Every structure is written in C-alpha cells, then in structure tokens.
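Student: sequence and predicted structure, then a few things I'm wondering about:
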Amino acid sequence: MKWEDRRRSSNVNRGSKAPIAVGGGIGGIVIMLLLYFLGVNPNVVTNENQQVNQNTQIESREVSKEREKLEDFLSVILADTEDVWHEVFKENGGTYHEAQMTLYQDTTKTGCGIAQSRMGPFYCPVDKTVYFDASFYDDLKSSFGGGGDFALAYVLAHEIGHHVQNELGIIKQTNDLRQRLSETEYNKVSVAQELQADYFAGLFAYYVKEKGYLEEGDIEEAMNAASAIGDDRIQEMAGRDVDVDSFTHGSSAQRKEAFDLGFKYHDIDHSMKFFEDLNL
C-alpha cells in the first residue's frame, strides 16, 4: 500500500498504564491465528548475558524504529478512514464524528474497562476509541517486510467500522437486543454486527483504491486476513468441533463475503442486509 508521505491523523493518543486484571477470552487466539497466518513468530527470547543485553539494546532501538514506522502507518490509515467516512456521511446527508485511536503497551485504562494486549485491537463505544497494543505491532512487523501491510489496514478499518456503527446508532440497538434475546439468538446479532464491520472495511478498501493508494495484492491480503480469523477456523485451530450457534464474528467464508460486498457496493444501505437476514 502506498502510504508514506501522506497525511497522519491528529486523533492518535498514547495510553496510560493500568493494573493487570485477571480474565480470559478468545482475543489472544485471534491474534495468534492472525500471526500464524502472516508467518510471524511471536516468541520472544531473553538472555541475561551482558553481551546479549547489549545486543538486545541495539535490537530494541531497531524495534523502536520499526514500531514507529508501524505507528506512522496506522496513523495514515486512520486519516484515510476519516477522509472516507466524512465523504460517505456527507453523501448521505450526515456528519461524521472522528474516532480516537490509543496506542498502548501491555495494559491501559479505557472507557470499557482495562485493556490487555491479549485482547487484540478493539473498539470501545463508550469513549469512541480504537485501542491497539504496542506488542501487536512487534508481532506483525515481519509481515510488513513480506508485503502484508494492508492486512493491518483491514484490522483498523474493521474497528473503525464499529465506530461507524456507533455513529449510526446500531450499537445501541444491538445492546438493547441483548436484554431480551437468548445467548444463541444474540450470537446471531453479534455475527451480523461483525460482518457489517467487515463490509465497512471493504467499503474503505474501495475508496482508497479509487484514490490510487492500493498496490497489487492488497485486496487479497485483506480478504485472506478476514478468512484467517473466522470463527470456524478459530475453533478448528483450537481443536474444537465447529459450533455455528456459538459463532460471534462469522465464519471465514462469511467474513470474506462481507468484505467483498462492501468493496462491491461501497454504500451504507447494502450493509443493513446482515441485520435484515436475522428475522428476529
């Protein structure tokens, strides 16, 4: 993706440290699968030998440079999402209010509680902020050398898709449904919400392609990333039987299709099909 020497977003912040909370989730599994798919080795090897420590300091400076580059990249992508959604909302007679993005390391406080790196990138609708942990950049840095930058752009565009849902009032509506639906029924709502965010990521991809920012293979990177984190693939990689009723994000095929539909139609109206198909 052509991203250097372009506008950076002014909505990027640094997170503050927070105490580590005890808890679990599948966020870490999602991260590991994405890293596995991109060919990244997330293992970190340490050594107390003084010479090795000196080498580590040099490597740390190199990592810092790489991290800075990745953070610059994310800032450019965030700026692109701002340009795209300002345009789309204006075309629909509305006004888009930009999201914030907080970059943090290990843990940080959010409007939705304590964020931990194992949760992966996520959007908090309370403070309207996308959160990225610094270690996520480290794990993905090798993918940039392999031409996988648009896979990361897809991740951010997907999270901004949740902010768009917040702007449209969709998150409030789905939260209201949580109060009256069974877990199985609400899982279907959750899948629809995630697929719509994938659709919005596809819409974003269309607009940046029209601006001439994409390079050969970028769309395939995003499609493959979407497929890699489908619920069915996650369950299979975890050694579990595929249970459709437990899906909360959609299957690999559904996520690829949603991204593809967003790229094809690049409007808001067609994104509502995911909720219309529920028949609740």
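Tutor: Nice, I can see it.
Student: ranges for the strands of the stretch 101-250 of the chain?
Tutor: Counting by DSSP state E, counting those that start in this stretch, the stretch 101-250 of the chain has strands at residues 107-110, 113-116, 122-124, 129-133.
Student: and the gap between Ala151 and Ala226?
Tutor: 9 Å (C-beta to C-beta, to the nearest Å). For every residue, glycine as well, the C-beta is placed using N, CA and C.
Student: swap in Ala258?
Tutor: Ala258 sits 8 Å away from Ala226, going by C-beta to C-beta.
Student: report the set of residues contacting both of the two.
Tutor: Asp198 (C-beta atoms under 8 Å, 6 or more residues apart in numbering).
Student: before we move on, the earlier item: and Ala151 and Ala226? Which one has more around it.
Tutor: Using other C-beta atoms under 10 Å as the criterion, Ala151 and Ala226 rank with Ala226 on top: 28 against 24.
Student: where does Asp260 fall, secondary structure wise?
Tutor: Per DSSP states H and E: Asp260 is located in helix 252-265.
Student: who's in contact with His158?
Tutor: Taking C-beta under 8 Å, 6+ apart as the criterion, His158 is in contact with 197-198, 200-201.
Student: per-residue confidence for the residue nearest to Val164 when sequence neighbours are not counted?
Tutor: Leaving aside its sequence neighbours, Val164 sits nearest to Phe200 (C-beta to C-beta, 6 or more residues apart in numbering; 5.5 Å). For Phe200, the model assigns a pLDDT of 98.
Student: now Phe200: how far from Tyr207?
Tutor: Phe200 sits 11 Å away from Tyr207, going by C-beta to C-beta.
Student: next one: Cys112
Tutor: 28 Å.
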